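In: how does the following fold in three dimensions:
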Amino acid sequence: MTDSSALVQKLWNYCHVLRDDGVSYGDYVEQLTYLLFLKMDDEQTKPPFNRESRIPTEYNWNSLQGIDGDELEIQYRHILDSLGKESGVIGVIFRKSQNKIQDPAKLKRLIKLIDDETWLGLSVDVKSETYEGLLQKNAEDVKSGAGQYFTPRSLINAIVEVMRPAPGDSIIDPACGTGGFLISAHNYIAHNYKLDKDQKNRLRYESLHGIEIADSVARLCVMNLYLYGIGGDKSLVQVDDSLASDRGVRYDLVLTNPPFGKKSSITVLNSEGKASREAITYERNDFWATTSNKQLNFVQHIKSVLKIGGRAAMVVPDNVLFEGGAGETIRKKLLHGCDVHTLLRLPTGVFYAQGVKANVLFFDRKPASETPWTKKLWIYDLRTNKHFTLKTNPLKVVDLEEFISCYNPNNRHQREASERFKCFTYDELIQRDKASLDIFWLKDDSLEDMENLPDPDVLAQEIVENLESALEQFRGIEEGLN
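Out: Sure thing, here's the model as predicted:
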């Protein structure tokens, strides 16, 4: 079998069997990650590869063969527990891993399903597309909340296309999720430049860096990179909280979609043993303002990790554009100290997290200056009179072609205004209330003409998104009061 969609369907069909036992989509993909890694490591030890296994013999793929029942379940648990203590790629993939398949017969069937394929014999495209397909199906299960870390690939690829990463660039995603930005950047460089051997090795082993706070998501990312042939024994993904500190390393390019939700928080136990959520406020000398707003902290963090002349593209929710207090301070500092040159207003209905009204902010870090670096901010409105839904009308590459053209990646200093693309000077921006970047100028047709209302499913989706967005704001207020 070499067709990725058929392979995805085959693996996904088995998930429905496991769901009857309470195994969620996310848990299923996670178990596949463990088993796929063991299988491919085993395949590498055989012709034509003949490589030494990185897995101890007592915990390798063969140790799962020829046993069943309780013996199989016990051996699988031993494998997960032991490999989670290893270093490098193995340690990241198996860190804090647990067996979520309680029925040994179903576990054995899943092992056979994977054993029947020769994974390393598949092309990189088929392997990676299969895994990406599973991740996407997982993200589409909105009820599970799994979509919070999945950015539509059409949007990722459009961002990378206008950013144009180059050989030798050091690239980081400080909230890397399943690795979409890192993989897209890798593929762009590999396909658009003629690389020599040293450049290829640097791209594979050194150029890309990811940080992810959640163990379960980090392992999906590492596996995804592995299937694309990116990285070696040392993991390119670090499990950590990006916002916790400035590690001192600077990068040429930041490409990221930080997690949605306004506040970072931790669970704390009081003297009576009751758990509650407590907002985290990061005290960092390199930050312009102290706030518990996670998104505003990511803006500041990304400024810090860029080299002078470094470039960033980050997805931000609307509140980053207009919030007062620390938000106003951060926007003014960003406009002054960086060249904030482009803003893409995204339509609703493109993300797997409900109620998200988001934008992509593009800026370059500059050296200290008495005069502001931002001269003009160009805004592309892909939101007004645009209606997308996750399943019936998802955002496609063609929907972003006009933005790419308007951005003019060949020379972004030569741009032309259009109906959806306007520029605003620094003076215009700074004189707005709270230096708000929440700017729109197009009329919403649905408000002008009732006959042009969107389809009922689109309206229903928008109502849900607005309610979810309002609930998120109320939760933020509630957290602030507690």
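
In: what about Phe424, helix or strand, and which?
Out: With elements taken from DSSP states H and E, the one containing Phe424 is strand 421-425.

In: could I get that strand in PDB with only the CA atoms?
Out: Only the C-alpha atoms of strand 421-425 are listed here, as PDB (Å, rounded to 0.1, in the frame of the first residue of the first chain):
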ATOM      1  CA  PHE A 421      -5.000  46.000   1.300                       C
ATOM      2  CA  LYS A 422      -4.500  49.400   2.900                       C
ATOM      3  CA  CYS A 423      -1.500  51.000   4.600                       C
ATOM      4  CA  PHE A 424      -1.500  53.200   7.800                       C
ATOM      5  CA  THR A 425       1.300  55.500   8.800                       C
END
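
In: buried ones in that strand?
Out: Of the residues in strand 421-425, those buried under the neighbour-count criterion (16 or more other CB atoms under 10 Å) are Phe421, Lys422, Phe424. (Glycine included, C-beta is placed from N, CA and C.)

In: likewise stretch 155-168?
Out: Of the residues in stretch 155-168, those buried by neighbour count under the rule 16+ other CB under 10 Å are Leu155, Ile156, Asn157, Ala158, Ile159, Val160, Glu161, Val162, Met163, Pro165, Pro167.

In: same check, this time on stretch 34-46
Out: For stretch 34-46, the buried set under the neighbour-count rule, 16+ other CB under 10 Å, comprises Tyr34, Leu35, Leu36, Phe37, Leu38, Lys39, Met40, Asp41, Asp42, Glu43, Thr45.

In: can you pull out the strands in the stretch 201-350 of the chain?
Out: Chain-ordered strands for the stretch 201-350 of the chain, with DSSP state E, counting those that start in this stretch as the definition, fall at 208-212, 237-239, 251-256, 265-269, 275-279, 306-317, 338-345.

In: and if you look at the stretch 351-482 of the chain?
Out: Using DSSP E, counting those that start in this stretch, strands in the stretch 351-482 of the chain cover 358-365, 376-381, 421-425.

In: now the second one: average pLDDT?
Out: Taken as a whole, strand 376-381 carries a mean pLDDT of 98.

In: ok, and what's touching it?
Out: By CB atoms under 8 Å, 6 or more residues apart in numbering, the residues outside strand 376-381 that reach it are 335, 340-345, 403, 406-407, 415, 420-426, 429, 437, 439-442.

In: same question for the longest one.
Out: The contact list for strand 358-365 (CB under 8 Å, 6+ apart) reads 155, 159, 162-163, 299, 303, 306-318, 320-321, 334, 337-346, 350-351, 373.

In: buried ones among those residues?
Out: 155, 159, 162-163, 299, 303, 306, 310-318, 320-321, 334, 337-346, 350-351, 373.

In: list the contacts for Val222?
Out: By CB under 8 Å, 6+ apart, the neighbours of Val222 are Val89, Val92, Ile93, Gly179, Gly231, Ser235, Leu236, Val237.

In: if we use 10 Å, what do you get?
Out: For Val222, the residues meeting the contact criterion (CB atoms under 10 Å, 6 or more residues apart in numbering) are 33, 37, 88-93, 95, 176, 178-179, 210, 212, 230-231, 235-237, 239.

In: counting neighbours, which of those residues end up buried?
Out: Buried members of the contacts of Val222, scored by 16+ other CB under 10 Å, are 33, 37, 89-90, 92-93, 95, 176, 178-179, 210, 212, 230-231, 235-237, 239.

In: can you tell me what sits against the one helix or strand Ile79 maps to?
Out: Using DSSP H and E, Ile79 sits in helix 69-83. Applying CB under 10 Å, 6+ apart, the set of residues contacting helix 69-83 from outside is 31, 34-35, 37-38, 54-56, 58-61, 63-67, 90-91, 93-99, 101-105, 107-108, 111.

In: tell me the buried residues in that helix?
Out: Here helix 69-83 shows Leu72, Glu73, Tyr76, Ile79, Leu80, Leu83 as buried, counting by 16+ other CB under 10 Å.

In: dump the buried residues of stretch 155-168 to CSV, plus secondary structure and distance to Tyr226.
Out: Listed next are the buried residues of stretch 155-168 as CSV, based on DSSP: H, G, I helix; E, B strand; the rest coil; distance: CB to CB, whole Å:
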residue, secondary structure, distance to Tyr226
Leu155, helix, 24
Ile156, helix, 19
Asn157, helix, 21
Ala158, helix, 25
Ile159, helix, 23
Val160, helix, 20
Glu161, helix, 25
Val162, helix, 28
Met163, helix, 24
Pro165, coil, 20
Pro167, coil, 22
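
In: can you name the two of those that are farthest apart?
Out: Using CB to CB, the pair of the buried residues of stretch 155-168 lying farthest apart is Leu155 and Pro167, separated by 24.1 Å.

In: and the nearest residue to Gly179 once chain neighbours are set aside, what pLDDT?
Out: Leaving aside its sequence neighbours, Gly179 sits nearest to Cys221 (CB to CB, 6 or more residues apart in numbering; 4.0 Å). pLDDT, the model's per-residue confidence, is 91 for Cys221.
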